[in-house]
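**Student:** I would like the atomic coordinates for the input below:
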Amino acid sequence: MLVVPLVLNYFKIDRTKVFQIGFYGFNIHTWFTYSDAIAMRTGHVYYPFQVIPIMPVNFALDASLVPVTFMLVYQWCINNNKNVFLYGVLTSAFFSFFFKPVLASWDLIKLDKGMNYFYLFLNYLGILLMAIVLTRVFIYLKNHPKTK
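**Tutor:** Down below sits the predicted model:
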């Protein structure tokens, strides 16, 4: 979950839009890391096995698998004129209702204190919305430089 997505991203990223896609992915990574850290610190989510145990988050998910997946979906959407939010919602649903339950069945994630997959889905949607809005704001600023 750590190395393979990063290698895949290296070969698949559209280098003509690398900064836009990278900025979007960095947004996903940052917000997901913050929300994961909060969920872990409050005891709502626990990862029994981690690549880097001293980290307060699941580094493989937060820094690689989730951001790279969202980046590749974003890239596909902008290159094929598809709705980024719609496909982001579908990606969020995949992670929340399929991938995380599979991790739970393998005892790689534990949900506690009322946390459930629907709440994870809402978290993904919030992160998705923030990443899309921030990326669009920066694209707007790039395309509309301040005049003197």
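**Student:** what are the ranges of the strands in the protein?
**Tutor:** Using DSSP state E, the strands of the chain run over 45-46, 110-111.
**Student:** Format those as JSON lines; extra columns: distance to Lys146, mean neighbour count and mean pLDDT.
**Tutor:** C-betas here are computed from N, CA, C, even on glycine. Formatted as JSON lines, those follow (distance: least, Cβ to Cβ, whole Å; neighbours: other Cβ atoms under 10 Å; pLDDT from 0 to 100):
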{"stretch": "strand 45-46", "distance to Lys146": "42", "mean neighbour count": "18", "mean pLDDT": "91"}
{"stretch": "strand 110-111", "distance to Lys146": "46", "mean neighbour count": "16", "mean pLDDT": "94"}
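**Student:** Take the ones you listed and write them to TSV, including distance to Val133.
**Tutor:** Listed next are the strands of the chain as TSV, based on distance: least, Cβ to Cβ, whole Å:
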stretch	distance to Val133
strand 45-46	25
strand 110-111	28
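**Student:** Would you tell me which of those strands gets closest to Lys142?
**Tutor:** Of all those, it is strand 45-46 that lies closest to Lys142, at 35.8 Å by Cβ to Cβ.
**Student:** contacting residues around the closest one?
**Tutor:** Here strand 45-46 makes contact (Cβ atoms under 8 Å, 6 or more residues apart in numbering) with Asp36, Ala39, Met40, Ile109, Lys110, Leu111, Asp112, Met115.
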